[in-house]
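K.L.:
Mind looking at a prediction? Sequence and model below.
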Amino acid sequence: MSRVVIADDHPLIRAGFRELASRDRTIKVVGEAADGPALLDRLRKTPADVVVLDINMPGPGFEELIRTIRAEFPGVRVLVVSMFPEGELALQALQAGAAGYVTKSQAEAELLGAVRKVSSGGRFVTPSLAEWLAAELAEGWAPGKERLSARERQVLQLLAAGKSYKEIAAQLSVSSKTVGTYRDRLLAKLHLKTTADLIRYAVEHDA
């Protein structure tokens, strides 16, 4: 039986995973947390095998949180679950010590399979993520190398120029919703919290 703690700041997400886990006799949810400090407190009180960790949960950055979990609870495996596509963030999570990375858009069976695999000591990456990682290594990726895609850098520059979502969407021929997604990716990659932080970053780093 895999003992799982769900770490996500959205109650509906936690409830959904509890319901999903209840259908699998090999998985038992033993605790929940809505932010980083609460998660660490829960792990100190409740024996667990796996943490299902939302990448954007309040508290310390996800990399710092993963490293803390791995140092303080070496027997606990971390499975990162994110709304962001596989790519740079997945790489950062795995480098920090996560045992796997899945997106919230993946099938229920795949999520449960990921929990079972990391609980048994394995690592979980999808075929598409494995392909992406292989391509990154072939291109000479090195640890600690912070990179934004060309489109992410473009959105960052336009935000720094004071453009609205609507103006950026028109200039890039995308929807305003897509611009918002790029903004969220930038915040996650750069470990920032607001658009103002992004603008300040762009100015300070001549982005």
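P.N.:
Received it, and whenever you're ready, just let me know what you need.

K.L.:
Distance from the chain centre to the strand or helix carrying Asp41, please.
P.N.:
Assessed by DSSP states H and E, Asp41 sits inside helix 36-45. Relative to its chain's centre, helix 36-45 lies at 19 Å (CA atoms, centre = their mean, to the nearest Å).

K.L.:
What residues of it count as buried?
P.N.:
Across helix 36-45, burial judged by 16 or more other CB atoms under 10 Å covers 36, 38-40, 42-43. To be clear about C-beta, it is placed using only N, CA and C from the backbone, and glycine gets the same treatment.

K.L.:
swap in stretch 165-176?
P.N.:
Applying 16+ other CB under 10 Å to stretch 165-176 flags 165, 168-169 as buried.

K.L.:
which regions of the chain lie under the pLDDT threshold?
P.N.:
In the predicted model of the chain, residues 85-87, 132, 135-147, 150, 205-207 satisfy pLDDT under 70.

K.L.:
mind listing the helices in it by residue range?
P.N.:
11-22, 36-45, 62-72, 88-96, 108-119, 127-138, 150-160, 165-172, 176-190, 195-204 (DSSP state H).

K.L.:
Dump those helices to JSON lines, plus distance to Ser82.
P.N.:
Converted to JSON lines, the helices of the chain look like this (distance: least, CB to CB, whole Å):
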{"stretch": "helix 11-22", "distance to Ser82": "12"}
{"stretch": "helix 36-45", "distance to Ser82": "15"}
{"stretch": "helix 62-72", "distance to Ser82": "9"}
{"stretch": "helix 88-96", "distance to Ser82": "6"}
{"stretch": "helix 108-119", "distance to Ser82": "12"}
{"stretch": "helix 127-138", "distance to Ser82": "11"}
{"stretch": "helix 150-160", "distance to Ser82": "16"}
{"stretch": "helix 165-172", "distance to Ser82": "22"}
{"stretch": "helix 176-190", "distance to Ser82": "8"}
{"stretch": "helix 195-204", "distance to Ser82": "19"}
